[in-house]
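Novice: based on what follows, work out the 3D shape:
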Amino acid sequence: MNLNFRSGSAFASKYARNYLSGVSPEDIKYITVIRHAAIGDFMNIRPFLIELRKFFPNAKITLSVIKHYMYGIPEELIDEIHVMSRYKENGSKTGLLSRIVEANRLPSQDIIFDLTDSTVSLLLVALSKAKLKIGYPYRAIRRTFFDIAVYRSDFVVEAQSVLHMLNILGAKTRTPLAYGYEKKYPKDDVKQIVYFAGASVETKCWERDRFRALIERMSSSYPSYNHIILQGIGENEEFLDIYAPLKERTNVLLQEKMPLEDAMQFIAKSRCLISNDTGVRNMGIALETPTVGIFFHIPPYRYWPREEIHDCVFNVEYTMPNVESVYESAKNMIDKLYEK
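Specialist: The predicted structure follows:
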């Protein structure tokens with residue numbers, strides 16, 4: 001394998017160059033991918049795992065995950081799961097010794113890819129017996145953990161930027177991104193728009209009065225559609241306060257929380273998903289369902305596929321968007337894709 005980059009665009013040690021000069025992708029037998037994150041991040045790495053399997057056809061792929069974030073693991077794209085822990089059963093943080101024990105359970109690898117760049121993932125990288133270690137050099141000191149380091153831009157969608165770790169090795173990754181769900185969750189065009197008002201943290205949640213006002217306008221503009229408020233698994237994700245003022249409208253419905261498989265199929269058959277920056281929106285993107293994302297506090301570019309079926313609503317000051325802005329985005333999406 002030959003490295004593919006210009007000076008300054010990435011980093012590779014002399015050891016990495018020497019190692020790669022003597023192996024081909026077919027020679028690689030064991031690979032670990034570290035993704036210590038929640039369901040939305042598992043969705044984002046599906047294209048990486050698909051391309052990884054294609055480029056290293058003989059490799060056994062292990063995914064390292066965090067114990068309290070195992071919902072939505074892409075098990076069909078990997079061979080083994082390795083588990084690390086940040087917290088004990090009582091909620092307190094795990095100690096260094098227990099983390100070292102868990103890290104040492106990972107057998108020797110040919111290549112380890114760190115897609116997380118956290119204290120726990122760096123510990124796993126440092127203790128791993130991988131022949132080649134690839135990661136992100138966010139801080140100069142962290143680059144010393146890796147043989148190859150690839151910069152990650154905040155202006156390139158994350159599912160695309162992680163593929164750069166394969167591109168530097170010579171992999172010809174495809175566009176548009178492939179998530180591998182087209183057979184598992186086939187499309188069934190149903191005239192429904194799904195709204196999800198939750199997020200991993202409260203500060204990412206658009207105000208509920210705004211969600212209610214949006215659904216009120218959308219349900220009037222598209223009376224032949226069902227407008228469905230999707231409940232989440234969180235304690236504060238019943239959204240009854242959004243639904244109650246609208247329940248007399250026959251085309252506004254409340255969908256109770258569902259098992260993951262059912263929720264995925266439900267979103268797959270919908271015409272549009274309107275959501276905060278959260279895992280449910282990433283599910284919609286992976287299912288190739290049109291999405292409208294609502295962003296504030298942070299720029300959206302890292303989480304926004306620049307495709308016709310996806311839009312993000314945000315202000316340049318990163319303040320909370322108003323109802324009119326989100327309504328116009330959703331209306332343009334529906335009209336462009338379905339109401340031509």
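Novice: tell me where the stretch 1-150 of the chain has strands.
Specialist: If you assign secondary structure with DSSP state E, counting those that start in this stretch, the strands in the stretch 1-150 of the chain sit at 10-12, 30-34, 60-66, 80-84, 111-114, 132-135, 148-150.
Novice: so which of the ones you listed gets nearest Glu237?
Specialist: strand 60-66 (21.4 Å; Cβ to Cβ). C-beta here means a position set from N, CA and C on the backbone, and glycine is covered the same way.
Novice: gap between that closest one and the chain center?
Specialist: Between the mean C-alpha point of strand 60-66 and the mean C-alpha point of its chain there is a distance of 16 Å (Cα atoms, centre = their mean, to the nearest Å).
Novice: name the helices or strands packed onto it?
Specialist: strand 30-34, helix 46-55, strand 80-84, helix 119-127 (3 or more Cβ pairs under 8 Å, 6 or more residues apart in numbering; DSSP states H and E).
Novice: packing partners of the longest one?
Specialist: Which is helix 46-55. strand 30-34, strand 60-66, helix 158-161, helix 164-167.
Novice: so for Leu3, which of the ones you listed sits nearest?
Specialist: Between Leu3 and the helices and strands packed on helix 46-55, the tightest spacing by Cβ to Cβ is seen for helix 164-167, at 10.3 Å.
Novice: parallel or antiparallel, which strands does whichever helix or strand comes after the closest one pair with?
Specialist: If you walk from helix 164-167 toward the C-terminus, the next helix or strand you reach (DSSP states H and E) is strand 192-196. The sheet places strand 192-196 alongside strand 226-230 (parallel), strand 272-276 (parallel), with pairing taken from DSSP bridges.
Novice: can you give me how far the next helix or strand after the last one is from the chain middle?
Specialist: What that stands for is strand 272-276. Next along the chain after strand 272-276, taking DSSP H and E as the criterion, comes helix 279-286. Here the centre of mass of C-alpha atoms in helix 279-286, compared against the chain's by Cα atoms, centre = their mean, lies 7 Å away.
Novice: repeat that for stretch 196-205.
Specialist: With Cα atoms, centre = their mean as the basis, stretch 196-205 stands 16 Å off its chain's centre.
Novice: what residues sit buried inside it?
Specialist: The neighbour-count criterion (16 or more other Cβ atoms under 10 Å) identifies Phe196, Ala197, Gly198, Ala199, Lys204, Cys205 as the buried residues of stretch 196-205.
Novice: which residues touch stretch 228-248?
Specialist: Identification of contacts with stretch 228-248 by Cβ atoms under 8 Å, 6 or more residues apart in numbering yields 192-198, 202, 208, 211-212, 215-216, 219, 252-257, 263, 266, 270, 280.
Novice: mind listing what's buried in that stretch?
Specialist: With burial defined by 16+ other Cβ under 10 Å, the residues of stretch 228-248 counted as buried are Ile228, Ile229, Leu230, Gln231, Gly232, Glu237, Glu238, Phe239, Ile242, Tyr243, Leu246.
Novice: how much space separates the fifth one from Arg306?
Specialist: Shown here: Gly232 relative to Arg306, a distance of 27 Å by Cβ to Cβ, to the nearest Å.
Novice: low-confidence ranges in the protein?
Specialist: Within the chain, the ranges that satisfy pLDDT under 70 run 340.
Novice: could you rerun that using 80?
Specialist: Within the chain, the ranges that satisfy pLDDT under 80 run 137-140, 340.
Novice: quick revisit: now the buried residues of stretch 228-248 as TSV including distance to Ala126?
Specialist: Rendered in TSV, the data for these read as follows (distance: Cβ to Cβ, whole Å):
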residue	distance to Ala126
Ile228	47
Ile229	46
Leu230	41
Gln231	42
Gly232	36
Glu237	38
Glu238	43
Phe239	43
Ile242	46
Tyr243	49
Leu246	53
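Novice: closest to Ala178 out of the residues you listed?
Specialist: Sorting these by how near they are to Ala178, with Cβ to Cβ, puts Leu230 at the top with 25.5 Å.
Novice: partners of the closest one in the sheet?
Specialist: With DSSP bridges applied, Leu230 shows beta-bridge pairing to Gln255.
Novice: and it, how far is that from Lys131?
Specialist: Separation of Leu230 from Lys131 (Cβ to Cβ): 45 Å.
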